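Chemist: Sharing a sequence plus its predicted fold:
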Amino acid sequence: MKKFMLIAVLGLAVLFGAIGCGSNAPLTIWVGAESVEFYSAKMIEYVEDYNAANEKEFPYEVTVVGVDSSTSAATFLDDTDAGADIFTVPHDNLGKLIAGSSAIAPVMSDSLLNQIENDNPQSFLDVIKGSVDGTQYTFGIPYVAQSLVLYYNTAYVTDEQAETWEGIWEAAITADKYALTLTATDGFNNSFLLLSTEADTHNTSLKLYEGGVQEECYALGDDTIAKLKWGQSFFMDANGAKAPSDSGWEVELSDDISLSTIGGAWHYEAAKSALGDNLGITTLPTFTLTEDSVYGTAVAGTVYKSGTFADTKMFVMKKNSDKADYLEDILLYLSSKGVQEESFEEAANLPAYKNASTEFSAFEEDTLDAKLATAQVEMFAWGLPQPFGYNSKFNTYYYSKGTPDLLLEIIENESGDFSTNQAIIDQLTIIESLWKTGLRPE
Amino acid sequence: MNNNQDTYKKRNILSRFFSIFIYFGKSIYNKFKKFINRFKDGSIGTKLSHIFMGAGNIYHKQYIKGVIFFIIEAGFLALMILSPQVNSTPLGFKSIANFFTLGTEPGSIFLPTDNSMLMLLFGVICFGIIGMFIAVYGSSIKSSYKADLDVKAGKEATSFKEDIQALLDDRFHVAMLTPAIIGIITFTVLPTIFMIFIAFTNFDSLHPAGQVLFDWVGFDNFFAIFNGTGEISVRFGPVLGWTLVWAFFATSTNYIGGIFLALLINKKGIKLKKIWRTIFVLTIALPQFISLLAMRSILAEYGPINSMLINLHLIDDPIKFLATADSAWTARITIIFINIWIGVPYTMLMTSGILMNVPKDLYEAAQIDGATNRQAFRYITVPFILFVTAPFLITSFIGNITSFNVIYLLTGGGPTVPGYIAGETDLLVTWLYKLTIDQSEYNIGSVIAIMTFIITATATLLSYRRSKSYKEEDAFQ
């Protein structure tokens, strides 16, 4: 028995010692979980083309793995050596990836740089670059675009009503429902008021790290205060807007508790299953300042279009990958116009390609998928690319220092503490300080 | 009288404190003395063993043993001198230097940055390896010296086969405990030390490992609890307070509820006892997270409970019980109640077992002495249950301090406190999770982990040492 136990212990030791001995690592690509099949098929095609063109075998086995795009950067940074050679991230993750000496490699190939410059809108080109050691490089290769749109219940809200928050609100009062449930209260999904701009001029006084400068944040403009005051009236009304309950926004939509929600393409399937045939999709509505909500130079009757962060998902490359020689050519292919069009048709990925809405025939179809794509593209005109890629601090200060909750506290005004202009200004002063420094003012 | 007792206690604590130091001092002195004596008294082989491990064994023709010791020394020296790189970070003696600097190469876009986190980790591992090597080094000299003594006594030095046989026989505990101790050092002690060291650095979201160097900052992270307007200084007190309140109520309600239920089910005259027990045990049979998620859905703002209350016209608007509750205490009380439902069956099961094992003759003797049922319960049942369950009560309290599932799955720490990460129902451990996993604030997370450890260790030691279960551990056999 004792011998047996000793042998068992030694056997376990040998087993543990043997674990981890592996063969030559494959070239790994992380893509969004919803697109694994599509990009796996594309990589098979790529390897076949490579073999035919070069008359030799592609030197690595290729593995395409599905990941949660929103956390892929954090997963990569947890253990960069074990990370993929190519992986997908939202562009606002760029700051944390290039912090210090950067964990990702810059694009150096002229052909890929040319394709990026020629195929993408300027708003994307501005946010895929970053400075390391004082030199600016292009790090991201855009391939999917995303912005927030309105999902609404056509059984209660007409298409015309869906153009303004007041219209949806009116429908909600008639049906004794809520006009809007947010999908989440974070700084991304609840940004429609903060990022709204004048419908006629696109003007706003709000500044969020303008030009990639940490100090260039401004939240105390008269229009910002007026917009939040309008938001208070919307959120404090029994038929107005609300934060999601712990039942979840999907339940609230499907049970007709709320008539609309603001969401991205990643909310589409859930919205479809909640509303079925009654699902309507359009751009985010406008709202009009009332006498009660004016402040300073902001004038009653001014129409504001709700805003959104307009994002691109991009591929990036691991720094010092032992397969670096092959990565840029793969990315040239995966981000090409043709692959983006196929990706839209087969995997419903909104293309980052700048002329997609006019050049891709799938946009013309009368389907919900096409409506979603069109609404997202239209929202780009009202969208601000998240300016957090310049520096890892920006993302942390905007999202993680509690400012989204402080903003929600103003517009919900549950305690009544924010019924005065001064209280709103004081709270916005804290928010601005947190954006700029990560700290509350002393 | 009380003053005298207090003075005595203080003296007692002080003397214990010093006796620990004296014990360690003596122990080190004795080991050093033996080391010197073995060098002085040992054979030439033993003397050589001080430089070349295994030389003494080879001198006594214990070739296999000698070679093993020699290979260990050679391996150790090779590791230390060659400092092989793992993930571009050196182990060996370089890792000791790196442990103090935490890296000096800031890197560039084409050059890697020193990975401060790996340097800290490898430094700790290297100190661990050195510690283990010193232990093997000592046993090599001891082994050689033992062979000297055997030879002096006219016996032959033991062969490798005899040593192995001894390991399987007289010294079987050594054979079995060595892997366990190595495992504990590798997988528990070293990671804990690593975590403690992180609390003394600025390893946070602005210093990602491998991209930006981080550095030692002394006690700054601990001082941050008491200074400034940051998350840790503002939220530490409230979170700690709620953690202790939660642990107290979660433990006591489950304990009392479980005992009450067990007494009820075990009461004479109750029919279908097994069925009752089975019904209550069903919550244990289900995975806890499923029960918790089910409760969350049932109590949700638009869940069945609220729908029923609205349909019965008992309320007009749904009650927010959990993460979106208007008051922190609504959410907290709801969690405590749900925890009763989840936890009571465990105590009930355990107490049922204990009640069935209370010696019947105690009750008979009490009955003969004229004790009422209440007196029998007060003076026999309660002390018996308390004696047996005191360690459970303590571990349950500690378990509740670090209870992650209940809070995380029911409220996620909410209702939120505007502007801060820690919500109204966050415990130290769920806050720690958010700070590290969501926010990458590893240094502050380590401080909270250390504080949690201090609280739980102190509570455990104080309460357990004062319990009868500890003082009179042989009382019930």
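Modeler: On my side now, so go ahead. Predicted model only: the values in this text are computed from it and were never measured.
Chemist: how close does A:Ala199 sit to A:Ser357?
Modeler: Counting by CB to CB, to the nearest Å, the gap between A:Ala199 and A:Ser357 amounts to 21 Å. For glycine as for every other residue, the C-beta is placed from the backbone atoms N, C-alpha and C.
Chemist: Over to B:Tyr145?
Modeler: Distance of B:Tyr145 to A:Ser357, given as CB to CB: 86 Å.
Chemist: Compare those two and say which is more crowded by neighbours.
Modeler: B:Tyr145 (22 against 18; other CB atoms under 10 Å in any protein chain shown).
Chemist: Nearest residue to the middle of chain A?
Modeler: For chain A, the residue whose C-alpha lies nearest the mean C-alpha position (CA atoms, centre = their mean) is A:Asp311; its distance is 5.1 Å.
Chemist: Mind listing the residues bridging to that residue?
Modeler: Judged by DSSP bridges, the bridge partners of A:Asp311 are A:Gln146.
Chemist: That one against A:Leu94, yeah?
Modeler: No. Counting by CB atoms under 8 Å, A:Asp311 stays clear of A:Leu94, with 11.2 Å between them.
Chemist: what secondary structure does residue 53 sit in?
Modeler: Because you didn't say which chain, this covers chain A. Here A:Ala53 is recorded as helix under DSSP: H, G, I helix; E, B strand; the rest coil.
Chemist: try again with chain B
Modeler: Three-state secondary structure (criterion: three-state DSSP) places B:Met53 in coil.
Chemist: what sits against it?
Modeler: For B:Met53, the set of contacting residues under the criterion of CB atoms under 8 Å, 6 or more residues apart in numbering or on different chains consists of B:69-70, B:72-73, B:136-137, B:140.
Chemist: and with 10 Å instead?
Modeler: B:66, B:68-74, B:76-77, B:133, B:136-137, B:139-141, B:143-144 (CB atoms under 10 Å, 6 or more residues apart in numbering or on different chains).
Chemist: The helix or strand where A:Ile425 lies - contacts with which helices or strands?
Modeler: Per DSSP states H and E, A:Ile425 falls inside helix A:421-437. Where contact means 3 or more CB pairs under 10 Å, 6 or more residues apart in numbering or on different chains; DSSP states H and E, helix A:421-437 is packed against helix A:222-236, helix A:392-399, helix A:403-412.
Chemist: And those, which one averages the lowest pLDDT?
Modeler: Taking each of those in turn, the one with the lowest mean pLDDT is helix A:392-399, at a mean of 83.
Chemist: So which of the contacts of B:Met53 sit within helices?
Modeler: Applying DSSP state H to the contacts of B:Met53, the entries found in helices are B:66, B:68-74, B:76-77, B:133, B:136-137, B:139-141, B:143-144.
Chemist: filter the residues you listed to the buried ones?
Modeler: When these are checked for burial by 16 or more other CB atoms under 10 Å in any protein chain shown, the buried set is B:66, B:68-70, B:72-73, B:76, B:133, B:137, B:140-141, B:143-144.
Chemist: could these be laid out in a markdown table, adding pLDDT and distance to chain A?
Modeler: Formatted as a markdown table, the entries for those read as follows, by pLDDT from 0 to 100; distance: CB to the nearest CB, whole Å:
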| residue | pLDDT | distance to chain A |
| --- | --- | --- |
| B:Gly66 | 93 | 21 |
| B:Ile68 | 94 | 14 |
| B:Phe69 | 94 | 19 |
| B:Phe70 | 94 | 21 |
| B:Ile72 | 95 | 15 |
| B:Glu73 | 95 | 21 |
| B:Phe76 | 95 | 18 |
| B:Phe133 | 94 | 18 |
| B:Tyr137 | 94 | 22 |
| B:Ser140 | 93 | 21 |
| B:Ile141 | 93 | 25 |
| B:Ser143 | 92 | 19 |
| B:Ser144 | 93 | 24 |
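Chemist: and which of those residues is nearest B:Ser233?
Modeler: B:Phe133 (42.9 Å; CB to CB).
Chemist: dump the residue contacts of the closest residue to that closest one other than its chain neighbours.
Modeler: Spatial nearest neighbour of B:Phe133, excluding adjacent residues (CB to CB, 6 or more residues apart in numbering or on different chains): B:Phe76 at 4.9 Å. Residues in contact with B:Phe76 (CB under 10 Å, 6+ apart) are B:53, B:92, B:129-130, B:132-133, B:136-137.
Chemist: and which of the residues you listed is nearest to A:Glu48?
Modeler: Proximity of these to A:Glu48 was ranked by CB to CB; the top entry is B:Gly92 with 46.4 Å.
Chemist: Give the phi and psi angles for the closest one, as a check.
Modeler: Torsion angles at B:Gly92 (phi, psi; degrees, to the nearest 10) stand at phi 80, psi -160.
Chemist: Report how many residues lie close to A:Gly248.
Modeler: The number of residues packed around A:Gly248, counting by other CB under 10 Å, is 18.
Chemist: Please apply the same query to the one 3 residues further on.
Modeler: Close neighbours of A:Val251, defined as other CB under 10 Å, add up to 20.
Chemist: What of B:Tyr63?
Modeler: Using other CB under 10 Å, B:Tyr63 is surrounded by 13 other residues.
Chemist: Please apply the same query to B:Ala175.
Modeler: Neighbours of B:Ala175 (other CB under 10 Å): 18.
Chemist: Settle this for me: it is touching B:Ile164, isn't it.
Modeler: Yes. Counting by CB atoms under 10 Å, B:Ile164 is a contact partner of B:Ala175 at 9.0 Å.
Chemist: before we move on, the earlier item: determine the residues that are contacts of both of A:Asp311 and A:Leu94.
Modeler: Counting by CB under 10 Å, 6+ apart, the residues touching both A:Asp311 and A:Leu94 are A:127, A:386.
Chemist: can you give me the strands in the stretch 101-250 of chain A?
Modeler: Chain-ordered strands for the stretch 101-250 of chain A, with DSSP state E, counting those that start in this stretch as the definition, fall at A:104-105, A:129-132, A:135-138, A:141-146, A:149-153, A:180-182, A:197-198, A:241-242.
Chemist: got TSV for those, with mean pLDDT too?
Modeler: Listed next are the strands of the stretch 101-250 of chain A as TSV, based on pLDDT from 0 to 100:
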stretch	mean pLDDT
strand A:104-105	94
strand A:129-132	84
strand A:135-138	89
strand A:141-146	90
strand A:149-153	96
strand A:180-182	96
strand A:197-198	95
strand A:241-242	95
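Chemist: Minimum distance to B:Thr278: which of the ones you listed has it?
Modeler: B:Thr278 sits nearest to strand A:180-182 of all these, at 41.9 Å, using CB to CB.
Chemist: Sheet partners, orientation included, of the closest one?
Modeler: In the sheet, strand A:180-182 lines up against strand A:241-242 (parallel), strand A:260-263 (parallel) (DSSP bridges).
Chemist: A:Lys272 against A:Ala348, yeah?
Modeler: No. Under the contact definition of CB under 10 Å, A:Lys272 does not touch A:Ala348, with a separation of 11.3 Å.
Chemist: Need the residues touching each of those two.
Modeler: In terms of CB under 10 Å, 6+ apart, A:Lys272 and A:Ala348 are both contacted by the residues A:369, A:372.
Chemist: any low-confidence regions in chain B?
Modeler: Segments of chain B classed as low confidence (criterion: pLDDT under 70) are B:1-13, B:468-477.
Chemist: Cheers, nothing more for now.
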